[in-house]
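Engineer: Attaching a predicted model along with its sequence, questions to come.
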Amino acid sequence: MRLMLKQRLFSWFDSYDIYDENGEPVFTVQGKLSWGHRLEISDANGRYLGRVQEEVFSFLPRFRLYLGEEETPAGEIRKEL
């Protein structure tokens with residue numbers, strides 16, 4: 001499956017729409033005010049799916065992935081030397 005990311009031009013925070021190969025919206029990503037970057041991901045119907053949260057106090061960039069309303073990370077993205 002190929003996805004296309006389209007950033008909204010006029011928004012205070014990061015805001016993206018993600019479309020499938022047919023140009024149909026699949027996901028919406030909204031930046032939220034938080035300590036560090038926080039992106040909330042919803043499906044095309046507006047149902048909350050999860051979030052990406054930046055770990056602020058780390059030497060190299062690190063982001064934790066959360067699914068649904070869970071407070072336990074489902075995964076992590078980090079930069080290594």
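Structural biologist: Structure received. Numbering: from 1, shown residues only.
Engineer: List the pairing partners of the lowest-mean-pLDDT helix or strand in the chain within its sheet, with orientation.
Structural biologist: Least confident helix or strand of the chain, by mean pLDDT, DSSP states H and E, is strand 4-7 with a mean of 74. If you go by DSSP bridges, strand 4-7 pairs up with strand 15-19 (antiparallel).
Engineer: Show the subsequent helix or strand relative to the helix or strand hosting L49.
Structural biologist: Element membership for L49 (DSSP states H and E) is strand 48-54. Following strand 48-54 in sequence order, the next helix or strand is strand 62-67 (DSSP H and E).
Engineer: tell me the angle that following strand makes with strand 48-54.
Structural biologist: Counting by axes from the mean of the first three to the mean of the last three CA atoms, to 10 degrees, strand 62-67 points 170 degrees away from the direction of strand 48-54.
Engineer: Relative to strand 62-67, what are the paired strands and their orientations?
Structural biologist: When DSSP bridges is applied, strand 62-67 pairs with strand 48-54 (antiparallel), strand 75-78 (antiparallel).
Engineer: contacts for that strand?
Structural biologist: 37, 49-55, 72-79 (CB atoms under 8 Å, 6 or more residues apart in numbering). Where you see a C-beta, it was placed from the backbone N, CA and C, and this is true even at glycine.
Engineer: Thanks a lot, see you next time.
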